[in-house]
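Engineer: what's the 3D shape of this:
(2 chains)
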Amino acid sequence: EVQLVESGGDLVQPGGSLRLSCAASGFTFSTYWMTWVRQTPGKELEWVANIKEDGSAKFYLDSVKGRFTISRDNAKNSLFLQMDSLRAEDTAVYYCARTARNPEFRGQGTPVTVSS
Amino acid sequence: DVVMTQSPLSLPVTLGQPASISCRSSQSLVYSDGDTHLNWFQQRPGQSPRRLIYKVSNRDSGVPDRFSGSGSGTDFTLKISRVEAEDVGVYYCMQGTHWPPTFGQGTKVEIK
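Structural biologist: Next up is the predicted model:
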């Protein structure tokens, strides 16, 4: 069974940093594009970033470019999102998803709150 | 960015009756490889989103056959042939053809 378990979300002050993790199991992780999507408090879904199977290509939402970094460790079946210079508008539940163009959500998400 | 517009935003339905949600994109969603990357997601109250339909009309494993997707180009539809109580929630369309991928606003399905 495909499973994705997100972790690392927390309450952080504006300007702070967080590193989200996603542990994958039940499929051959290294053969899939992976994606981070977030859901705002208003329930809007927003694609954040994705990464190619071997990590050689990465794409970002304009508003997070230069502040967020997506990465992966195929040996450990893990996906990461390093979030720096966090802003109030980054407050959301963050989900990892399998594939890029037709994402599959399989986890519960991890909440990030940016507030002083 | 491609704008995804869903209608209606709220859909009260009677148990056992059909329901239909429309999703329109601001650009054609046909990709260069011929595929159309239009997906539908269901989010039940208190749960994470779950993909129901991918590439317009392909039902995911475990999705009841009362759910069906159709459409082409810029106009797409999700239909529920007979609504059941477990179908209550918010439904989102999403396009993955153009960068960045974008989602619709969501349609809230509730029982009358």
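Engineer: What pLDDT does the model give the residue of chain B found nearest chain A?
Structural biologist: At 3.2 Å from chain A, B:G96 is the closest residue in chain B, using Cβ to the nearest Cβ. For glycine as for every other residue, the C-beta is placed from the backbone atoms N, C-alpha and C. On the pLDDT scale, B:G96 is placed at 96.
Engineer: what does A:L79 give?
Structural biologist: You'll see A:L79 listed with a pLDDT of 98.
Engineer: wait, the residue of chain B closest to chain A sits on A:N102?
Structural biologist: Yes: in this structure B:G96 lies within contact range of A:N102 using Cβ atoms under 8 Å: 5.5 Å.
Engineer: what helix or strand is the residue positioned nearest the centre of chain B on?
Structural biologist: Centroid check for chain B by Cα atoms, centre = their mean gives B:W40 as the closest residue, at 3.3 Å. Taking DSSP states H and E as the definition, B:W40 sits inside strand B:38-43.
Engineer: do the next helix or strand after that strand and chain A meet at all?
Structural biologist: Elements were assigned by DSSP H and E; along the chain past strand B:38-43, the next helix or strand is strand B:50-54. Yes: for strand B:50-54, a contact with chain A is found by Cβ under 8 Å from any Cβ of the partner chain, at B:50-51, B:54.
Engineer: For chain B, what lies in contact range of chain A?
Structural biologist: Contact residues of chain B with respect to chain A, defined by Cβ under 8 Å from any Cβ, are listed as B:31, B:37, B:39, B:41, B:48-51, B:54-55, B:60, B:90, B:92, B:94, B:96-97, B:99-103, B:105-106.
Engineer: related to what we said a few turns ago, who does the strand holding B:W40 touch, helix- and strand-wise?
Structural biologist: For strand B:38-43, the packing partners by 3 or more Cβ pairs under 8 Å, 6 or more residues apart in numbering or on different chains; DSSP states H and E come out as strand B:19-25, strand B:50-54, strand B:67-72, strand B:89-95.
Engineer: most neighbours per residue, which of these?
Structural biologist: strand B:89-95 (a mean of 25; mean count of other Cβ atoms under 10 Å in any protein chain shown).
Engineer: Need the contact partners of that one.
Structural biologist: By Cβ atoms under 8 Å, 6 or more residues apart in numbering or on different chains, the list of residues contacting strand B:89-95 from outside reads A:43, A:45, A:103, B:2, B:4, B:6, B:21, B:23, B:25, B:29, B:37-45, B:47, B:49, B:52, B:76, B:78, B:101-109.
Engineer: next helix or strand past it?
Structural biologist: For strand B:89-95, the succeeding helix or strand toward the C-terminus, using DSSP H and E, is strand B:102-103.
Engineer: ok, then the element right after that following strand?
Structural biologist: The C-terminal neighbour of strand B:102-103 among helices and strands, as given by DSSP H and E, is strand B:107-111.
Engineer: got the buried residues for that next one?
Structural biologist: Residues of strand B:107-111 classed as buried under the neighbour-count rule (16 or more other Cβ atoms under 10 Å in any protein chain shown) are B:107, B:109.
Engineer: Around chain B, pick out the residues from chain A.
Structural biologist: Counting by Cβ under 8 Å from any Cβ, the positions of chain A adjacent to chain B are A:39, A:43-47, A:59, A:61-62, A:95, A:100-105, A:107-109.
Engineer: Generate a ChimeraX selection restricted to the buried entries among the residues you listed.
Structural biologist: To isolate the buried ones among the residues of chain A next to chain B in ChimeraX, judged by 16+ other Cβ under 10 Å, type:
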select /A:39,45,46,47,59,61,95,100,101,102,103,104,105,107,109
